[in-house]
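K.L.:
Below are the sequence and a predicted model; questions follow.
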2 protein chains.
Amino acid sequence: MGGSCLAERLSHYVTLSSGERAALDRLEEQDRAYRRGAVVISESGAPRDLFVVRKGWLHSSVVLGNGSRQIMRFHFQGDLIGLPLLAFPDPPETVTAVTDATLCPFSRERLAALMTEHPRLAALILALTVAERVSLADRLASIGRTSARARVSSLICEIHSRLRILGLAADGAVQLPLTQEDIGDATGLTAVHVNRMMRGLVEDGLIDRNGSHLRVLDEGRLCAEASFIDRTPVETGWLPPPR
Amino acid sequence: MGGSCLAERLSHYVTLSSGERAALDRLEEQDRAYRRGAVVISESGAPRDLFVVRKGWLHSSVVLGNGSRQIMRFHFQGDLIGLPLLAFPDPPETVTAVTDATLCPFSRERLAALMTEHPRLAALILALTVAERVSLADRLASIGRTSARARVSSLICEIHSRLRILGLAADGAVQLPLTQEDIGDATGLTAVHVNRMMRGLVEDGLIDRNGSHLRVLDEGRLCAEASFIDRTPVETGWLPPPR
DNA sequence: CGCACCTTTGAATGAGATCAAAGATGGTGG
DNA sequence: CCACCATCTTTGATCTCATTCAAAGGTGCG
């Protein structure tokens, strides 16, 4: 396969030393392909691995006692998934492939070894985890305290902003392989109401759609309506020296 | 002050080596007292330190453009706060003291040094951060996908469960220094509606209240209604050896 | 071509918000 | 020690945003 996915991800933030790069390469022996709709980590099954996303979209979700589903977060190229495995024996969330996806698995023992040998990478992974926590908090505020329209707008802003960083949002246009039901499960709304809200956003000239293609027309207004805050990139000034 | 707060916290999960304990003691030179209502970390001000809570209640919150507030999480004795500082230059959340509180500050550079010298502590701190992320996700599901009554129940279950671990919930009774407005801001409801829901829980014999005293009478039913999942303690099996 | 699944639209319902105001509580200063 | 004021809780009435229920178009895939 050639080269660690995690290395690729982390090198967005720091210039990896050759030692770090070698250690990261040793982490992964393989990659695995998943079909659209496949369950990568199930709330019921015992998980064994963490993953880095090489290709594709996924999401993590929880299904509640009443049968409804909450999507916590979408995962794109370079994202670390399965981190809860570090804290809990049983996975608290289900991870599902939204599109066909390729993942790079590695065990937590290997991660432990990596953190021991390369403290800077340990600190960086901690920073990335914290950043994801903050992003979840933003989502929480959006769902807890804003209107349906703002929630949908916020989700679009977040996805658009993250895909743009990956170079997947040429001129505001992104591929959005989600059903309105998915968007509802991510925003705490019903599919029917998501439909009405998106329709409204189109009418007001904020976005445009056809099929799974979505284009952000007026990012400023969209983000403002959503109270969306695009968090600036992760801080790296405090990290220990590389090894 | 004598002894690091963080050491106390981490020793809940692992038996600290003498080297680890010494390093943790070196982390903190002081502790700081805050008055009820004091803002410890402000969304606007530049923060300098992380903290461990020695004594008291705090919460982190965000104020949105429309003026409403979302409380993300309550922080009790032993909790790490200010972690977002590891990822972002400006604090994304405001941390406020709910009661008079004593905090132990330390800089992120010191944390970086600690992680370098003591990889097991680095891994443990990562695991704790992940656990907090999962807890936020649970809250997100509660707010996004359950009724007002279930949200209030869930918050009570969470607080009760966490305080019990700290030995602060004798026979289901906890001190709850929150206004109904606070509870509303944590659950995404209005204070008025929180009142009605709590009243209902009392009527149905699930809880009892007078003043700031709250007693959980039927934990099983309360948690069931709330779809509350008490996450079992943090995994430590995968951690690297101590140093 | 035909069957799933998804989107769209309409009408009725309902959970929670909003508005308003009356009690309760507690901290503060005289 | 008491009176007062601010804050918090409680309750009622009304309103509104989002849900629910239902059914008619689209779309793509096997």
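P.N.:
Thanks, I have it.

K.L.:
does the closest residue to A:L126 other than its chain neighbours belong to a helix or a strand, and which?
P.N.:
Of all residues not flanking A:L126 in the chain, B:L126 sits nearest, at 5.2 Å (Cβ to Cβ, 6 or more residues apart in numbering or on different chains). For the C-beta atoms, the positions are set from N, CA and C on the backbone; glycine is no exception. Assigned by DSSP states H and E, B:L126 falls within helix B:119-145.

K.L.:
Remind me what the next helix-or-strand element following that helix packs against, helices and strands.
P.N.:
Moving toward the C-terminus from helix B:119-145, the first helix or strand encountered (DSSP H and E) is helix B:148-165. For helix B:148-165, the elements it packs on are helix B:119-145, strand B:173-175, helix B:180-187, helix B:191-203, strand B:213-216, helix B:219-226, judged by 3 or more Cβ pairs under 8 Å, 6 or more residues apart in numbering or on different chains; DSSP states H and E.

K.L.:
Helix B:148-165 near DNA strand C anywhere?
P.N.:
Yes: against DNA strand C, helix B:148-165 shows contacts by Cβ under 7 Å from any atom of the strand at B:148-149.

K.L.:
Kindly report the domain assignment for chain A.
P.N.:
A:5-137, A:148-226 (automatic domain parsing).

K.L.:
out of the ones you listed, nearest to B:T102?
P.N.:
Among the domains of chain A, the nearest to B:T102 by Cβ to Cβ is domain A:5-137 (23.9 Å).

K.L.:
Would you mind measuring the gap between the ends of that closest one?
P.N.:
Distance between the two ends of domain A:5-137: 27 Å, counting by Cα to Cα, to the nearest Å.

K.L.:
and it, how far from the chain's centre?
P.N.:
The chain centre lies 9 Å from the centre of domain A:5-137; the measure is Cα atoms, centre = their mean, to the nearest Å.

K.L.:
tell me the centre residue of chain A?
P.N.:
Central residue of chain A (Cα atoms, centre = their mean): A:H75, 2.8 Å from the mean position.

K.L.:
average pLDDT across stretch A:215-222?
P.N.:
What stretch A:215-222 shows for mean pLDDT is 98.

K.L.:
Need the residues that contact it.
P.N.:
The contact list for stretch A:215-222, computed with Cβ atoms under 8 Å, 6 or more residues apart in numbering or on different chains, reads A:153, A:156-157, A:160, A:169, A:171-174, A:201, A:205-209, A:228.

K.L.:
Could you pick out the residues of chain A near DNA strand C for me?
P.N.:
Counting by Cβ under 7 Å from any atom of the strand, chain A sits next to DNA strand C at A:179-181, A:191-192, A:195-196, A:198-199, A:209.

K.L.:
out of those residues, who has the most neighbours?
P.N.:
A:M198 (20 neighbours; other Cβ atoms under 10 Å in any protein chain shown).

K.L.:
okay, now the closest residue to that residue other than its chain neighbours: neighbour count?
P.N.:
Using Cβ to Cβ, 6+ apart and skipping residues adjacent in sequence, the residue nearest A:M198 is A:V152, 6.2 Å away. Using other Cβ under 10 Å, A:V152 has 30 other residues around it.

K.L.:
On the pLDDT front, check A:V152 for me.
P.N.:
For A:V152, pLDDT reads 98.

K.L.:
One more: A:G211?
P.N.:
For A:G211, the predicted pLDDT is 89.

K.L.:
which residues sit in contact with the closest residue to A:T129 other than its chain neighbours?
P.N.:
Nearest residue to A:T129, sequence neighbours excluded (Cβ to Cβ, 6+ apart): B:T129, at 5.2 Å. B:T129 makes contacts with A:126, A:129-130, A:133, B:80, B:83, as judged by Cβ under 8 Å, 6+ apart.

K.L.:
Return the distance of B:T129 relative to A:Q30.
P.N.:
For B:T129, the distance to A:Q30 (Cβ to Cβ, to the nearest Å) stands at 28 Å.

K.L.:
what's the closest of the domains of chain A to B:T187?
P.N.:
The nearest among those, by Cβ to Cβ, is domain A:148-226 at 12.8 Å.

K.L.:
shaky segments in chain A?
P.N.:
A:1-2 (pLDDT under 70).

K.L.:
Around DNA strand D, pick out the residues from it.
P.N.:
A:147-149, A:188-190, A:192-193, A:196, A:211.

K.L.:
Filter those down to the buried ones and hand me the ChimeraX line.
P.N.:
Listed next is the ChimeraX selection for buried residues among the residues of chain A next to DNA strand D, using 16 or more other Cβ atoms under 10 Å in any protein chain shown:
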select /A:148,149,188,189,193
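
K.L.:
which among the residues of chain A next to DNA strand D gets closest to A:L121?
P.N.:
A:G188 (35.5 Å).

K.L.:
if I read this right, the closest one contacts B:S142, doesn't it?
P.N.:
No: between A:G188 and B:S142 there is no contact under Cβ atoms under 8 Å: 10.2 Å.

K.L.:
one step back: pick out whichever of the residues of chain A next to DNA strand D sits closest to A:S17.
P.N.:
A:G188 (43.7 Å).

K.L.:
residues in contact with the closest residue to that closest one other than its chain neighbours?
P.N.:
Nearest-residue entry for A:G188: B:G144, 3.2 Å, with adjacent residues in sequence omitted and distances by Cβ to Cβ, 6+ apart. By Cβ under 8 Å, 6+ apart, the residues touching B:G144 are A:70, A:143, A:187-188.
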